[in-house]
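**Student:** following is a predicted model, sequence given first.
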Amino acid sequence: MGIKLFKQPELEKPDLICGWPGIGNIGLVAIDTLKGALKAEEFGEIEPWDFFYPKKVSIRDGLLKDLEFPTNKFYYNRLEKGDLMFFIGEKQPTEGERMYAAGEKAYHMANLVLDVAEKFGCHRVYTSGACVSPVHHTVKPRVVSVVSSEKLTEEVTRYQNTILISEMGGREDEGVITGLNGLLLAVAKKRGWESICLMGEIPDWLSGSPFPYPMASKSVLEVFADILGIRIDLSILDKMVARVEEVIEKVYEAFPPEIKERYDQRKFVAQAKPRGISEEDAKWIKEHIDELFKKGGEQGGEGPI
C-alpha cells in the first residue's frame, strides 16, 4: 500500500510541479493544462485506500464492479531546459470537517510525494493555488509567490506579473498557505529542497464561487511558461475564461448600485494597496452570494463550464 510506479523513466534532476483542487481550482487548472500541453506521460500513483473514502460504487449490467476513489497520479516529461515531474491529485486528504488537507494523512501524503520525487533526484518543488485578494474582477490577476529562501526571491520577481506575498498591501509581510500547497513546501524545505508556490489572485467575493476562476489560472500558466522557456497554446483556457467572465459580469450587475460604485474604486488604485468596498459591503455580498449566482445563472442559461 502507498506508492505504485508503473515505469521507471530516466530523468535528470527533474523539478516537481504539484496541483490539487482548491479555491477557484486555480492551481489545478493551470497545472493540468500545462501537463496536457506538454503531453506528459503517466508513470505512477499514490494508492488511495489510506487517504480517501470511495467516490462511488460502479455498477455495470446490474452487477457491482468496483469502488472508485479519487486519483493521485505522477507524470513526467523531458524538456530541453530540464526534466519535469507532475503530481496531480483529484482531492486533498482531510480530517474532520476541514475543506483542505490537514492532519496526519496530509503529512503522510506530502512525504510520499516527495519520496517519489527524491527517488528521481528532484530538489525543487512548485505548487500553485489561489490568493484571495481585494481586487476587481476585470483587473488581470497577478501571480503572488512564496519561496523557501532569499535566493529565490530575486528569481521569481523576474517573471512577468509576479510579486512576492510581502508586496501585497495589508499583509504586514505575513501570510498563510492552506492545504497541501503550503504543507508540501514546508516538508520540502525541511529536506533542504528549493520550493516555490505560485498563487493566482481571485477577488475576495468570488472565493466561494461554484465554478473555477480560469483568469488566474491563465496568469499562473504564463509564469510557468516563462520558467520553463516554452510557449503554450492557451486557446482552450481562453474559451473557459470567456464563459466564466460572462457569468461573473451578470452577477456583478446584480450588485446594489451603491456597492457597485464603491467596488469599482478597485479599478483605479494601485494593486499593491487595493481598497473599495467596506466590511459592511463585503458582508452584504457574502450573505447574498448564493442569490446573486442564482440570478446570474438564470440570466446566462447554462452554467459556465
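**Tutor:** Perfect, I can see it now.
**Student:** going forward, measure contacts and count neighbours with C-alpha atoms only.
**Tutor:** Fine.
**Student:** what about residue 262, which helix or strand?
**Tutor:** Per DSSP states H and E: residue 262 is located in helix 257-263.
**Student:** now do residue 87
**Tutor:** Going by DSSP H and E, residue 87 is in strand 83-89.
**Student:** what's the average pLDDT for that strand?
**Tutor:** On average, the pLDDT along strand 83-89 is 95.
**Student:** wait, is residue 189 part of a helix?
**Tutor:** Yes. Secondary structure of residue 189 (DSSP: H, G, I helix; E, B strand; the rest coil): part of a helix.
**Student:** quick one: contacts for it?
**Tutor:** Counting by C-alpha atoms under 8 Å, 6 or more residues apart in numbering, residue 189 makes contact with 148, 195.
**Student:** and the residue lying closest to residue 81 once chain neighbours are set aside, how far from residue 260?
**Tutor:** For residue 81, ignoring the flanking residues on the chain, the nearest one in space by C-alpha to C-alpha, 6 or more residues apart in numbering is residue 228 at 6.6 Å. As judged by C-alpha to C-alpha, to the nearest Å, residue 228 and residue 260 stand 40 Å apart.
**Student:** what do you get for residue 217?
**Tutor:** Distance from residue 217 to residue 260, by C-alpha to C-alpha: 25 Å.
**Student:** which one of the two is surrounded by more residues?
**Tutor:** residue 217 (30 against 16; other C-alpha atoms under 10 Å).
**Student:** next secondary structure element downstream of the helix or strand hosting the more buried one?
**Tutor:** Assigned by DSSP H and E, residue 217 falls within helix 214-228. Once the chain leaves helix 214-228, the next helix or strand it forms, by DSSP H and E, is helix 235-253.
**Student:** next, the angle from that following helix to helix 214-228.
**Tutor:** 140 degrees (axes from the mean of the first three to the mean of the last three C-alpha atoms, to 10 degrees).
**Student:** in helix 235-253, what counts as buried?
**Tutor:** 237, 240-241, 244-245, 247-248, 250-252 (16 or more other C-alpha atoms under 10 Å).
**Student:** how about stretch 79-91?
**Tutor:** Of the residues in stretch 79-91, 83-89, 91 count as buried by neighbour count, 16+ other C-alpha under 10 Å.
**Student:** which parts of this structure are strands?
**Tutor:** Assigned by DSSP state E, the strands in the chain fall at 3-5, 15-19, 41-46, 56-60, 63-68, 72-78, 83-89, 124-133, 143-147, 162-164, 194-203.
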